[in-house]
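J.: Just to be clear, the model below is a prediction. Sequence and coordinates:
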Amino acid sequence: MKRRHQVRIKTWMALVFVLVKLMGAFVPPPQVASARLRGLIERPQFIGSSIVKEDLRPRSTHCRALDVKVWQVIVSASGLVVATIQAVRAVRDSVRTFKASSEGKIRAAVAKAMKPFEPSRPQDEVIQRPVMGTIQKRVESWQQHATIIGGRYQSGKSVATEEALRGVRGVVRFTIRSAGWADRMCKQLGVDDEGLFKEVMRRVREKLKDFPNTLTKFPILLLEVPRTTTEGINLISSTAKDVATDKIGSAIHVIVSASSAAVALAFDAGGTERQEDIWVADLTEEKRRSFWHCMGMRRIGKTSWMLVASGLATWRRPVRI
């Protein structure tokens, strides 16, 4: 936006500069024009021994007035351009000031959260599993308490959770990597502190009322906890208890996708009755073969897939550039 305004201003200044140069080339200043005009229209006549000049004063006065009007138009146009540039700068400064204010940050965060949720993996690369429907039913009927998504290593917990939320509005996703994650989550959303974050979620809850076909009427805080995360678990539990259990009427659905069973077991929002556990089972061999067959036929071609199936080669996921 800033660069666009700068380009507009430079374009206007260039147009004014060219206009002034062109008018200066074709229309001389009033004094020069009047002098040239007098030289052209004052024709000498010889009467006896004296020279009498024939002065066509009305025509000279008309040309001089025309020159003055042309320069007045140029000055007026220049003033209009300068006023336009100043107005554009004032609007730009006011927009910057508003975006830097708390209200501007809240509105930007609400607009970001209201976009349909987009998982990190394309839909055609996801195996449809019954657990996705279970998660969707939990989200649709949710009223209170946190949801814990657990399972064994590489069972597809994150993929299943994200796919179940595909297209859902009001989802804020954050990956917890260390202690003090709450402040970083606020900064990622674009707000300054936890108070503004809760205000954002409150407005998201109000905005969701305008979408009758959405899966849920409550904002969702999706917390993904990698296996390498060992700190901040207590803060996750206390946050979930605070916003998903204690805040009746203004609650936020907290979904914790725990990559390790240890994190899922360490989570405690006040007892098992205050949380809903969903276990993601391992992929069956049939689904696993179907998935790799589909991926092999699409990604590496039929010939290479035959080598993979026969055990003469190994398939590696292609790297996206």
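T.: Perfect, thanks for sending it. Residues are numbered from 1 along each chain as shown.
J.: which residues does T228 contact?
T.: R177 (Cβ atoms under 8 Å, 6 or more residues apart in numbering). Any C-beta I mention is one placed from the backbone N, CA and C, and that applies to glycine too.
J.: Now it. Its backbone dihedrals?
T.: Note on T228: its backbone torsions stand at phi -80, psi -10 [degrees, to the nearest 10].
J.: Which positions in stretch 261-278 come out as buried?
T.: Neighbour-count burial for stretch 261-278 flags 263-264, 267-269, 274-275, 278 (criterion: 16 or more other Cβ atoms under 10 Å).
J.: same deal with stretch 106-120?
T.: 106-107, 109-110, 113-114, 117, 119.
J.: And the buried residues of stretch 261-278, which is closest to I252?
T.: Using Cβ to Cβ, A269 is the member of these that lies nearest I252, at 12.8 Å.
J.: Which secondary structure state does that closest one sit in?
T.: A269 carries the three-state label coil when classified by DSSP: H, G, I helix; E, B strand; the rest coil.
J.: so can I have JSON lines of the buried residues of stretch 261-278 showing distance to R169 and pLDDT?
T.: Shown next, in JSON lines, are the buried residues of stretch 261-278 (distance: Cβ to Cβ, whole Å; pLDDT from 0 to 100):
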{"residue": "V263", "distance to R169": "27", "pLDDT": "72"}
{"residue": "A264", "distance to R169": "27", "pLDDT": "72"}
{"residue": "F267", "distance to R169": "26", "pLDDT": "75"}
{"residue": "D268", "distance to R169": "30", "pLDDT": "72"}
{"residue": "A269", "distance to R169": "25", "pLDDT": "70"}
{"residue": "R274", "distance to R169": "26", "pLDDT": "80"}
{"residue": "Q275", "distance to R169": "24", "pLDDT": "84"}
{"residue": "I278", "distance to R169": "22", "pLDDT": "88"}
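J.: quick revisit: tell me which of the buried residues of stretch 106-120 fall in helices.
T.: Mapping the buried residues of stretch 106-120 onto helices (DSSP state H) picks out 106-107, 109-110, 113.
J.: Please name the residues that touch Q188.
T.: F174.
J.: so it, which of the three states?
T.: Look at Q188: counting by three-state DSSP, its state is helix.
J.: Please report the distance of it from Y153.
T.: 27 Å (Cβ to Cβ, to the nearest Å).
J.: okay, now V82: neighbour count?
T.: Residues within reach of V82, counting by other Cβ atoms under 10 Å, total 13.
J.: sorry, that was for V254
T.: 25.
J.: Where does it fall, secondary structure wise?
T.: strand 253-258 (DSSP states H and E).
J.: on that earlier part again, looking at the buried residues of stretch 261-278, which one is closest to N213?
T.: Relative to N213, the closest of the buried residues of stretch 261-278 is I278; by Cβ to Cβ it sits at 24.0 Å.
J.: S155: what's it in contact with?
T.: 280-283.
J.: so D192 sits right up against I106, yeah?
T.: No: look at D192 against I106 with Cβ atoms under 8 Å: they stay out of range, at 9.9 Å.
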